[in-house]
Structures are given as C-alpha cells and as structure tokens.
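1. Show me the folded form of this:
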Amino acid sequence: MPVTLGLELALDATPDPIRNSRGFGLLSNQASVDRTFRHAADLLHGRYPNRLQKLFSPQHGLWSTQQDNMIETGHGTHPRLHLPIHSLYSETRRPSQQMLDGLDLLVIDLQDVGTRVYTWIWTIVHCLEACVQKGIPVLVLDRPNPLGGELVEGPALDLRYRSFVGLASIPMRHGLTLGELTRCVNDQLGIGAEVHVQAMHGWSRSMLWKDTGRVFVPPSPNLPRLEGVQVYPGQVLLEGTNLSEGRGTTTPFEQWGAPFVDPYQLLAILAPRDLEGVTLRPVEFEPTFHKWRGETCRGFWLHVTDAHTFRPYRTTLALLRAVQELWPTESKWRQPPYEYENELTPIDILCGTGDVRQWVEESGPWTRLDALAAAPTDWWSSMRRWLLY
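-> As a prediction, the model looks like this:
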C-alpha cells in the first residue's frame, strides 16, 4: 500500500489543532499535493470552509516560478481562492506579526529533500519564532524523506558557520522527515513553539522514495527529478565553487563541470577512491544561465546505480579534492555574499565547517576523506526523542 501523507490524513480525520482553529495559515508550495495531485490549499479550503485565511511560500515562490538561486519572490494573491500570499523569501525571511494577524494556527505542508542546506527547514525556524511571539501553534503535515530515514552523512554544523542554509547543529544528510526535523530544531534552538505533527501512515525509515508508492513531484525548480535529489547532499557543495552545478541546464546537480575540466584525467585520480553506488559518465554541456553561461563545460553526469551504498557527500568531497589537485589555479571558491551571508565563505557555510576547504586547498591526504564525510556517531541516539517512525 502507498504511504498515506499527513495532508491526506488531515483531510480524512480532523487533527485537534485544526478542530480548535477558527482561522489558519498554510505554508506550502507547488509540490504540496495529495495522491491525485490536488493542491493542499484547494483541499484544506474545501474541507474546512472559511478557515484557511492566508498562504505563505518558501524560496522559489508558491508555484516555484523563480528558478535561479537567491532570487526573491514578491507577495501576491491566490487567483482562485482570493487569499493573500506572503512570500517568506522576499524582503523578509520570516513572517511578520502583521502577516499572522487573524490566525490561531499555522499549517505547514512542504516536501523536504533530506539535506540540511535546503532552505525549507530554516524558513520553518523563522515561522516557529514568529508563532511563539504571536502565541499560535504550528501543525506540520508530514511527508517522506526521499533519501530514506537510515543513512546520515557529514559532520554536524559548527554553529560558528550559522546561516540561512544552516541554523542548527545537524549533518548535511540528516535522515529525518520534515516533521521530525521541525521537532528537533524547535528543541535544539530553544524556540519553544507549540509543534504538532500529523504523522504519515505506512512510512518506515528503511524506505527510499521508490518504496513509498508515490509519484515524485519536483519540490523546487532545480530538483526536477528524483535523480537530482539523490545526489543533492553532495553536489550542492558546488554552489560554493566556480564549478557549474548544472544550473542553466534541464538537469541541475545531476551533471557538473567547467571549461577547464578534463573528466578523463579526473577518472584516473578517482578510480582508487571507492566511490560506491555511482557511475561517473563524462559529459559536455552548455549552461543557458548562471556560471559559465554560453560556454562548453566538461565534467560528469552522476548516475546512481545503488542508492543504498551511494554516499553523495563523500563523492562530492572526492570530486572537489581531485579538481584542486589537477587544476589548482583554475578552480576557485565562490566569494560572499551567499544566501544573505556577507562575510563567511560560501563553501564553509555549506559544509558547516572550514575543514573541507582547508583539506582541498592544501591538497590534504586522501586518507582524511572518510573522516571529513562521516556523520556524528551519536546522531540517532541524540535524535531518539524526536523520532516519529
């Protein structure tokens, strides 16, 4: 049987927070749909007449119309429901108290991708903070982690590198659902919001997306395919470099490269690095926008052949180290600003540590690769009180 989403369960049987609400807001985007692809706003509006009062949207907007990174979205009005849409990736990243006026509940229904730097959870953090000020509870309608709920990668974020791509000490690939992660950050950051989660039925931690019985709907414009989500916990690091992460093509993150890269030289260096579960296929592509626009880039397409053994974060660390070894002059780190951070180096806030940059810059020993990619050894024991599945 397919997994039943929190949204679908909240429509079948009224959760207490909605039952006790006279007017609620909804944070969602174009992937917030049920099994028949009907949007959460339409469904909640129809199921609970006159109680859905306001809509809120994360990065890329309610309908994911802003494709490029760090492009703000304006506020608006829903054309059919005639409800205000408040963008939380605009001149502000947090709802103002005025935006929350008239609400006694905020409902959240977003499809996360299991990666710390995906900004949905940090938008939620700002919502929790605003809701505490307003004295209103939050209800998260849970959805599957498409990467499953067992594997974790990358060190916990060093809080010296806090930014809008990481405000709490969690690893890059965290293994939590959005409901679990919201409970975690609420407690870890001492926000103190009243958080409720409508858990799913039928989901277990061992499930990858293919096991859920659900059709994959792109959660944002630069992750149009599940294959991009699979590599994203590693390939997102390329945003902190002058290497193209494939933006400006139809398959961002699945392919990467730069004009100065020779993939065949890279293959010789990477061959001994035990990059399991993935095949690196040499490619050429020409971005239509973003880095290296209109220039031929050479690099790799990452084909995940075994999602159980593939380690995206470790793989991309190996790619960065090999590129530096071969092209130390041509390869460069991106400089700030990046995601509203004006001082810290983007690669450091993406990794949540300065250790990766130092290792790459110094062409450090390959023997450090596993340690740099390792997750906290106590992660699951520390998460136990927040787990729902």
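
2. any idea how far I347 is from E194?
-> To E194, I347 is 37 Å away according to C-beta to C-beta, to the nearest Å. Backbone N, C-alpha and C define where each C-beta goes, glycine included.

3. try Y232
-> Counting by C-beta to C-beta - Y232 and E194 are separated by 31 Å.

4. the more surrounded of these two?
-> Each of Y232 and E194 has its neighbours counted (other C-beta atoms under 10 Å); Y232 has more, 28 against 15.

5. and the more buried one, what helix or strand is that in?
-> Assessed by DSSP states H and E, Y232 sits inside helix 226-235.

6. in the next helix or strand after that helix, what's buried?
-> As assigned by DSSP H and E, the chain's next helix or strand after helix 226-235 is strand 255-258. By 16 or more other C-beta atoms under 10 Å, the buried positions in strand 255-258 come out as 255-258.

7. swap in stretch 295-309?
-> Using 16+ other C-beta under 10 Å as the test for burial, stretch 295-309 gives 297-302, 304, 307.

8. Which stretches in the protein count as strands?
-> Under the criterion DSSP state E, strands of the chain are mapped to 24-28, 52-57, 76-77, 84-87, 105-109, 138-141, 195-198, 255-258, 278-285, 297-304.

9. and the helix holding Y232, how far out from the chain's middle?
-> 10 Å (C-alpha atoms, centre = their mean, to the nearest Å).

10. contacting residues around that helix?
-> By C-beta atoms under 8 Å, 6 or more residues apart in numbering, the list of residues contacting helix 226-235 from outside reads 113-115, 118, 146-147, 153-154, 172-173, 209, 216, 219, 222-223, 245-246, 251-254, 256, 278, 302-304, 307, 310-317, 319.

11. for the nearest residue to C351 once chain neighbours are set aside, what are its contacts?
-> Nearest non-adjacent residue to C351, counting by C-beta to C-beta, 6 or more residues apart in numbering: L237, 6.7 Å away. L237 makes contact with 313, 316-317, 320, 347, 350-351, 356, according to C-beta under 8 Å, 6+ apart.

12. List the buried residues for stretch 13-30?
-> For stretch 13-30, the neighbour count (16+ other C-beta under 10 Å) marks 15, 17-18, 21, 23-30 as buried.

13. ok, so of the contacts of L237, who is nearest N69?
-> Proximity of those to N69 (C-beta to C-beta) peaks at L350, which lies at 12.0 Å.

14. what's the neighbour count on the spatially closest residue to that closest one that is not a sequence neighbour?
-> Using C-beta to C-beta, 6+ apart and skipping the chain neighbours, the partner closest in space to L350 is G240 (4.8 Å). Using other C-beta under 10 Å, the number of residues around G240 comes to 24.

15. Is G240 in contact with Y338, as I believe?
-> Yes. Counting by C-beta atoms under 8 Å, Y338 is a contact partner of G240 at 7.3 Å.

16. what's the overlap in contacts for these two?
-> Common contacts of G240 and Y338 (C-beta under 8 Å, 6+ apart): 346, 349.

17. who touches L62 in this structure?
-> Residues counted as contacts of L62 (C-beta under 8 Å, 6+ apart) are 28-30, 55, 73, 76, 78, 85, 87.

18. cool, I347 as well?
-> Going by C-beta under 8 Å, 6+ apart, I347 touches 237, 240-241, 333-334, 356-357.

19. Would you list the buried entries among those?
-> 237, 240-241, 334, 356-357.

20. and which of these is nearest to P376?
-> P376 lies nearest to V356 out of those, by C-beta to C-beta, at 15.8 Å.

21. got the contact list for the closest one?
-> Residues near V356 by C-beta under 8 Å, 6+ apart: 237, 317, 320, 347-348, 372.

22. and if you look at L5?
-> Applying C-beta under 8 Å, 6+ apart to L5 gives the contacts 34-35, 141-143, 200, 214.

23. now do 7 Å
-> With contact taken as C-beta atoms under 7 Å, 6 or more residues apart in numbering, L5 is in contact with 34, 141, 143, 200.

24. again with C131
-> Contact analysis of C131 by C-beta under 7 Å, 6+ apart lists 106, 138, 193.

25. The same query, at a cut-off of 8 Å, please.
-> Contact partners of C131, counting by C-beta under 8 Å, 6+ apart, are 100, 106, 137-138, 193-194.

26. Next: S64.
-> Contacts of S64 by C-beta under 8 Å, 6+ apart are 29-31, 218, 220-221.

27. Which member of those is positioned nearest Q59?
-> Closest approach between these and Q59, by C-beta to C-beta: S220, at 7.1 Å.
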